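Trainee: got a predicted structure plus its sequence, pasted below:
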Amino acid sequence: MRADQTAYQLLEAPGAKPVKMWTRGVPVEEAAKKQLGKLAQLPFIYHHVAVMPDVHLGKGSTIGSVIPTLGAVIPAAVGVDIGCGMMAAKTTLRATDLPDSLGKLRSAIEQAIPHGMSHKTRNARGRDTGSWDRPPPPVDAGWAKLKDEFDALCRKWPKLRGTNNYKHLGTLGSGNHFVEICLDEDNFVWLMLHSGSRGVGNAIGTHFIELAKQDMRRHMVNLPDQDLAYLEEGTQHYKDYIEAVGWAQKFARINREVMMQNLIHAVRSVIAKPFETHVEAVNCHHNYVQQERHFGRDVLITRKGAVSAKAGELGIIPGSMGAKSFIVRGKGNPESFNSCSHGAGRTMSRTEAKRRFTRADVERATQGVESRKDEGVIDEIPMAYKDIHAVMQAQDELVEVVHTLKQIVCVKG
């Protein structure tokens, strides 16, 4: 690249902050560009908006965007899957240590980690019991770190008490959430999972998105999109949201830690050989907001489908079912607000994927991966996502690849 070239593409419009897009060689839908343009018009956007190569249309604001704000926060930009993210841990196991039947491994994981839309709970071993019971021990320990702050939130917002909070701790959920066993370039076994703050995070996000819209109507604020409704710093709603979203992000991180503990136990129940885990462990959000310092100012950074990639910081960029994933190290690029993509990014909606593809297509696309191959995962077929290799090439200025992972077992929610 010549000195007069940049790795990003620039979108500019009168009265809007610049939009810098790391999308060279990756298709970007026009609807996503229009949505980014509306976001950039907001008066409290600071400096510019950064866009990652997995960018695609989202509700309110665009997935794959990094949004710096001064004096305001957009609840719909954070979304309802607050704190959604990834956790991965390298083990001392090698491919040769795995059982001949990966189906046994997948079955053990499915029993150990509640997933999908099931309304069951777990017994002390993490198995479904069919009725709500006290949480298993790893959940007890996790909830102890969350309970006091949650009780304080419930005193302000009593409706949160009736949500699936501790009941969802240690559970995967549905959609694109998953648990995987992968092999790296040296045939070491990795354990990896993707989930967030589950039902309670959804309730918090939905509640404050509606409060923001009410505030906009009350103050007759004209917005380019109602889902860009915001809460102003200094108001009680802003203060309460920052408190609640911070707790939901903590829930999400602990949720992944609890699932990882149960995942390790599941693997040990199938593989007799002793092994160590957390040789290299990463636990990172990709839907969240936090205060950071950029270009000389303390600002709120909302990453909607983006991962922090400070210099030397490890992160996870998963591919789709059947594609490779990457453990990366951040390069600390200030123009991206020290960020990178959170995955491959969809090229079509779930509805379109279900219309276009069949179960046979799923079987072909996930050949060699022990996973579900039924109608329920058609919307997660690899062809519904961008080419992860093109996505990685577009952001080589943002991260370097440390490990390349290929999944061999995949449990979808």
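Mentor: Everything's here; your move.
Trainee: quick one, helices of the stretch 1-150 of the chain?
Mentor: For the stretch 1-150 of the chain, the helices defined by DSSP state H, counting those that start in this stretch occupy 30-40, 75-78, 102-112, 137-144, 147-156.
Trainee: and stretch 359-379, end to end?
Mentor: Stretch 359-379 has an end-to-end distance of 10 Å (CA to CA, to the nearest Å).
Trainee: and if you look at stretch 287-306?
Mentor: Stretch 287-306 has its terminal residues 7 Å apart, counting by CA to CA.
Trainee: what does stretch 267-280 give?
Mentor: 17 Å.
Trainee: what comes up buried for stretch 204-221?
Mentor: Buried positions in stretch 204-221, judged by neighbour count with 16 or more other CB atoms under 10 Å: 204-205, 207-209, 211-213, 215-216. (C-beta placed from N, C-alpha, C; glycine too.)
Trainee: please read the previous query as pertaining to stretch 183-201.
Mentor: 183-184, 188-198, 200-201.
Trainee: cool, stretch 260-269 as well?
Mentor: The neighbour-count check on stretch 260-269 (16+ other CB under 10 Å) flags 260-264, 266-267 as buried.
Trainee: secondary structure, distance to His286 and pLDDT added to these, as JSON lines?
Mentor: Below are the buried residues of stretch 260-269 laid out as JSON lines (DSSP: H, G, I helix; E, B strand; the rest coil; distance: CB to CB, whole Å; pLDDT from 0 to 100):
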{"residue": "Met260", "secondary structure": "helix", "distance to His286": "17", "pLDDT": "96"}
{"residue": "Gln261", "secondary structure": "helix", "distance to His286": "22", "pLDDT": "95"}
{"residue": "Asn262", "secondary structure": "helix", "distance to His286": "22", "pLDDT": "95"}
{"residue": "Leu263", "secondary structure": "helix", "distance to His286": "19", "pLDDT": "96"}
{"residue": "Ile264", "secondary structure": "helix", "distance to His286": "23", "pLDDT": "96"}
{"residue": "Ala266", "secondary structure": "helix", "distance to His286": "25", "pLDDT": "96"}
{"residue": "Val267", "secondary structure": "helix", "distance to His286": "25", "pLDDT": "97"}
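Trainee: can you tell me which of those residues is closest to Asn333?
Mentor: In terms of CB to CB, no member of these lies closer to Asn333 than Met260, at 29.3 Å.
Trainee: partner strands of the helix or strand that contains Leu191, with direction?
Mentor: According to DSSP states H and E, Leu191 maps onto strand 188-195. As defined by DSSP bridges, the strand partners of strand 188-195 come to strand 85-94 (antiparallel), strand 178-183 (antiparallel).
Trainee: quick one, which of the ones you listed is nearest to Asn255?
Mentor: Nearest of the strands paired with strand 188-195 to Asn255, taken as CB to CB: strand 85-94 at 9.4 Å.
Trainee: quick one: the strand holding Leu191 to helix 102-112, angle?
Mentor: Angle, strand 188-195 to helix 102-112, by axes from the mean of the first three to the mean of the last three CA atoms, to 10 degrees: 40 degrees.
Trainee: which non-adjacent residue is nearest Val258?
Mentor: The spatially closest residue to Val258, leaving aside those adjacent along the chain, is Gly170, at 3.9 Å (CB to CB, 6 or more residues apart in numbering).
Trainee: having no further points to raise, I will conclude here.
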